[in-house]
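>>> Next come a sequence and a model predicted from it.
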Amino acid sequence: MSLTDNRDDLFKKQVSRRDALKLGGSALLGAGAGLSSLSSPAWASGAEKSATYKFGLVLPMTGSNAAFGLDQVKAALMSVDDINRSKKYGGIKVQAAVEDSQADPRVGVEAFNKVVSVAGVPVVISAWSSVIYALASLANREKVLLISDGAADAQIAHLGHYVVSAFPLNNVDITALANYLRLELKHKKAGIIYVNNATGQFPTKVFKYVFEKAGGKVVSMQSHEPDATDFTAQLTKLRAAGPDVIHMHSLVEETPIIIKQARQLGIKAQLTSYSVAESQLVLSEDGSLADGLLYTALVPPYSEPKVATFIRALTARLRRAPNGTPYTLYLYDAPTIVAQAAAYVDKRGWKYTGTNMRRAIDEIKHFDTPLTGETTFTANGTVLKPVGIKRIEKGSFVYVTRIDPGSKLLPYDELTHTFG
């Protein structure tokens, strides 16, 4: 059986069309497993209001990235259910208009247009860098607040007034990782393999700049096309360059195959990645091959009570471990940002529009997001949060250390560097 066959079988086991249909179809959804005890009230609730604020949720529910997208949708719907049951935020309610992006820019545009024109939402939550790029011009033209929550390309900070990111951009975690590898682990030579699209292109520039500024040398950079299954040519070139660490910045379905093929080629270098590595897909290919892999995680340790409670609830709902657990934490938090901004708008008697919701983001700044810690938006609509370094050990994802913004490994001057 080929690697492609293995991957297809794995996705068939994890993602079925029935699962997607349960969530999609432009239905306004808000059902989920209860987690109302997670959040402490952040807004004084006077007389209970009957207002319901709809927002769009555009994520991949079919296609090769559905293993992540479906779990993120379910996490967001659990949050919607908890918000509505808790009667927080002045007693307002929220609803999600869910559409499938397939993590494809063209399909994402169709989904965005559908939730905006049919469901009439002034706010859309989405992810995947290439999709966010495609939606940005529409959001700015239609004055719809687009909340990017998982897409990490640092250029998202420059996509226009109506685009904000509730997820730290990859200049944050990749800066921390590159400095950690060079300054703490003392690696001198690095190689990079990356997907040749918005997800992979910019992070490789960040990694190279930071690693070399810290005194290391990037000896080889190899790209591949999205959905590739054979990385032998790129890995052979990396092996020949002799790096002692190889950073992988590829997509969820590609990463486990790269790991397997690297080890089959006898590459013994330290492997690293980003949050995409925390997936059962990585372990399913051959978990022992991934042992020792280091990756970034922009969330607190899973032992924290609120986080542990959420993971148990989502695992029970899915009947398996979540894919991309860090992303599901952010997707749970995202509707709480919408609810807090909507409550702010409601309290002032403003209309529920993208313009007023963007204004609310600017004026509130600090949002009580229960799982990932306080979310503070900067002037350009992005956020800074601590970076966790994690390692795969015997089929488990183990928290190694935390790197704070402003520290030696995450200095502010490197976060403001402009790349050509």
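It's in.
>>> ok, residue 165 to residue 140 distance?
Using CB to CB, to the nearest Å, we find residue 165 at a distance of 15 Å from residue 140. Where you see a C-beta, it was placed from the backbone N, CA and C, and this is true even at glycine.
>>> Those two: who's more crowded?
Neighbours were tallied for residue 165 and for residue 140 using other CB atoms under 10 Å; the higher tally belongs to residue 165 (26 against 16).
>>> Spit out the contact partners of the more buried one.
147, 148, 149, 151, 156, 157, 381, 382, 383 (CB atoms under 8 Å, 6 or more residues apart in numbering).
>>> Kindly recompute the last result at 10 Å.
127, 132, 146-154, 156-157, 159, 377-378, 380-383 (CB atoms under 10 Å, 6 or more residues apart in numbering).
>>> got the buried residues for stretch 121-140?
For stretch 121-140, burial by neighbour count (16 or more other CB atoms under 10 Å) applies to 121-136, 138-140.
>>> CA atoms only for stretch 134-142 - export them in CSV, please.
Extracted C-alpha coordinates of stretch 134-142, given in CSV (Å, rounded to 0.1, in the frame of the first residue of the first chain):
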residue,chain,number,x,y,z
ALA,A,134,-8.9,35.6,-0.6
LEU,A,135,-11.5,36.9,1.9
ALA,A,136,-9.7,40.0,3.0
SER,A,137,-10.6,42.2,0.0
LEU,A,138,-14.3,41.1,0.2
ALA,A,139,-14.4,41.9,4.0
ASN,A,140,-12.9,45.4,3.4
ARG,A,141,-15.2,46.1,0.5
GLU,A,142,-18.4,44.9,2.2
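>>> ok, and what's touching that stretch?
56, 58, 101, 104-109, 111-113, 116-117, 122-124, 126, 128, 132, 144-148, 151, 156, 158-164, 198, 354, 358.
>>> and those, which are buried?
Buried among those (16+ other CB under 10 Å): 56, 58, 101, 104-105, 107-109, 111-112, 116, 122-124, 126, 128, 132, 144-148, 151, 156, 159, 162-164, 198, 354, 358.
>>> now the helices for the stretch 101-250 of the chain?
Applying DSSP state H, counting those that start in this stretch to the stretch 101-250 of the chain gives helices spanning 105-117, 129-142, 170-179, 198-213, 232-241.
>>> Contact partners for residue 415?
154, 168, 169, 171, 172, 175, 176, 206, 382, 384, 405, 406.
>>> And the average pLDDT for the longest helix along the chain is what?
The residue-count maximum for a helix in the chain (DSSP state H) belongs to helix 325-347. The average pLDDT for helix 325-347 rounds to 96.
>>> Off-centre distance for it?
15 Å (CA atoms, centre = their mean, to the nearest Å).
>>> excluding its backbone neighbours, what's nearest the residue nearest the centre of the chain?
In the chain, the centroid-proximal residue (CA atoms, centre = their mean) is residue 150; its distance is 2.4 Å. Nearest residue to residue 150 in three dimensions, chain neighbours excluded: residue 127, at 3.2 Å (CB to CB, 6 or more residues apart in numbering).
>>> Return the distance of that neighbour relative to residue 171.
For residue 127, the distance to residue 171 - CB to CB - is 17 Å.
>>> residue ranges with poor pLDDT in this protein?
1-50, 285-287, 416-420 (pLDDT under 70).
>>> So which of the helices of the stretch 101-250 of the chain is nearest residue 365?
helix 170-179 (17.9 Å; CB to CB).
>>> coming back round to it: when you check the contacts of residue 165 against the strands, which ones overlap?
Judged by DSSP state E, these include 146, 147, 148 as members of strands.
>>> for the first one, what are its contacts?
Spelled out, it's residue 146. So residue 146 contacts 56, 58, 112, 123-126, 132, 135-136, 138-140, 156, 159-160, 162-165, 354, 358, 381 (CB under 10 Å, 6+ apart).
>>> Mind doing that once more with 7 Å?
124, 126, 135, 136, 139, 162, 163 (CB atoms under 7 Å, 6 or more residues apart in numbering).
>>> what are the bridge partners for it, then?
Under DSSP bridges, the beta-bridge partners of residue 146 are residue 124, residue 163.
>>> so residue 73 sits right up against residue 59, yeah?
Yes. Taking CB atoms under 7 Å as the definition, residue 73 is a contact partner of residue 59 at 5.4 Å.
>>> In terms of neighbours, single out the busier of those two.
residue 59 (32 against 27).
>>> Against residue 254, how distant is the more buried one?
From residue 59 to residue 254 the distance is 19 Å (CB to CB).
>>> Residue 201 too?
In terms of CB to CB, residue 201 sits 15 Å off from residue 254.
>>> ok, now residue 405?
In terms of CB to CB, residue 405 sits 30 Å off from residue 254.
>>> Between these two, tell me which one has more neighbours.
Using other CB under 10 Å as the criterion, residue 405 and residue 254 rank with residue 254 on top: 25 against 17.
>>> need the contact list for that one.
195, 228.
>>> go with 8 Å
195, 224, 226, 227, 228, 229, 231.
>>> what's next to stretch 361-374, contact-wise?
Contacts of stretch 361-374 (CB under 8 Å, 6+ apart): 38-40, 42, 145, 164, 166, 298-300, 306-307, 310, 329-330, 332-333, 336-337, 340-341, 344, 375-377, 381, 385-386.
>>> ok, of the residues you listed, which come out buried?
For those, buried by 16+ other CB under 10 Å: 38-39, 42, 145, 164, 166, 298-300, 306-307, 310, 329-330, 332-333, 336-337, 340-341, 344, 375, 377, 381, 385-386.
>>> mind giving me the domain split of this structure?
3-168+303-376, 171-297+386-415 (automatic domain parsing).
>>> so what's in contact with residue 73 and residue 59 at the same time?
98, 331.
>>> rewinding a little: would you agree the residue nearest to residue 150 is in contact with residue 153?
No. Counting by CB atoms under 8 Å, residue 153 is not a contact partner of residue 127; they are 11.0 Å apart.
>>> How many neighbouring residues does the residue found closest to residue 177 once you drop the neighbours it is linked to in the chain have?
Once flanking residues are discounted, residue 177 sits nearest to residue 296: 5.2 Å by CB to CB, 6+ apart. Per other CB under 10 Å, the neighbour tally for residue 296 reads 27.
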